[in-house]
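could you work out the structure for the sequence below:
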Amino acid sequence: MAEYLDINGVHTWFDEVGEGDPVVLLHGGLTDSQEFALTTPAIAAEFHTYLPERRGHGHTPDVEGPISYDLMADDTIAFLEATIERAAHLVGHSDGANVALLVALKRPDLVRRLVLISANFHHDGLIPGAVDVDQVMGMVADHYAAVTPDGAEHLPIVGAKVGRMFDEEPTLTVADLAGVRARTLVMCADDDAITLEHTIALYRGIPRSELAVVPGTSHVLVLEKPELCNKLIVDFLTTDAPPTFWPLRRRDLLHDPAG
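The predicted structure follows:
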């Protein structure tokens, strides 16, 4: 059921499907909720699934001023407060994962479990030249034109805003990551646009984190190996962490009662 909600001055489009505990899927940059077309059915089979489209993306119009991760995190917080009114699981890909990470740091009370797919906590984690904004705009232009309320000619404006964001944001440190309280699944491709070293730093920096590297995939792993990605996500969201025989980094978390 698609509808609009006015939050933080943004006429925000979102869809929702399924029943159960709430999960919010947060799409990547210069894309929209259709990025999760192969993911949504698996999540919605278990959860009440929300698919908001952020400012300047998809059906949601752009507004005056920059697009930034902080602004989109604040928009997401407002969305959670207005629609769900309790803690939800957040599943984000790429820019959506960066937004989810910031939400978990700003408002840990609103996040139950966290899935970060191809996230970077600092802009230096992005491999130089791996994401060409002009190339991405060419790939999404037809779909953007079909759904945006801003008109096809607005895409270069959004592209410039997002390109600036890629170059300058986010700016979190490893020390900041210790503030994430939610149990977290860090996922990436083995040929991702984010360096594997950066992803490992993200995994090591979040205290209650687990790591999955999906083989034979690139930055759009949710489209390339959807069955494997969906299984990893659903298993993580629906089951508690099993005890391991030889815990090392998780040794001090064995008696943590949190889910």
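
and stretch 188-203, how far apart are its ends?
11 Å (C-alpha to C-alpha, to the nearest Å).

wait, stretch 216-226
12 Å.

what about Ala100, distance to Gly151?
For Ala100, the distance to Gly151 (C-beta to C-beta, to the nearest Å) stands at 29 Å. The C-beta positions use only the backbone N, C-alpha and C, and glycine is treated the same way.

do Gly9 as well
From Gly9 to Gly151 the distance is 20 Å (C-beta to C-beta).

also Pro243?
For Pro243, the distance to Gly151 - C-beta to C-beta - is 55 Å.

do the same with Val23
32 Å.

quickly find the element holding the residue positioned nearest the centre of the chain.
The chain has Gly92 as the residue nearest its centroid, 1.7 Å off, counting by C-alpha atoms, centre = their mean. For Gly92, the host element (DSSP states H and E) is strand 88-93.

and the very next helix or strand once past that strand, what does it pack onto?
Following strand 88-93 in sequence order, the next helix or strand is helix 95-106 (DSSP H and E). Where contact means 3 or more C-beta pairs under 8 Å, 6 or more residues apart in numbering; DSSP states H and E, helix 95-106 is packed against strand 22-26, helix 69-79, strand 88-93, strand 111-117.

for those, give me a markdown table that also has distance to Lys231 and mean pLDDT.
Shown next, in a markdown table, are these (distance: least, C-beta to C-beta, whole Å; pLDDT from 0 to 100):
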| stretch | distance to Lys231 | mean pLDDT |
| --- | --- | --- |
| strand 22-26 | 15 | 98 |
| helix 69-79 | 26 | 98 |
| strand 88-93 | 13 | 98 |
| strand 111-117 | 12 | 98 |
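
Gly58 is nearest to which of the ones you listed?
strand 22-26 (11.9 Å; C-beta to C-beta).

what angle do the closest one and helix 95-106 make?
130 degrees (axes from the mean of the first three to the mean of the last three C-alpha atoms, to 10 degrees).
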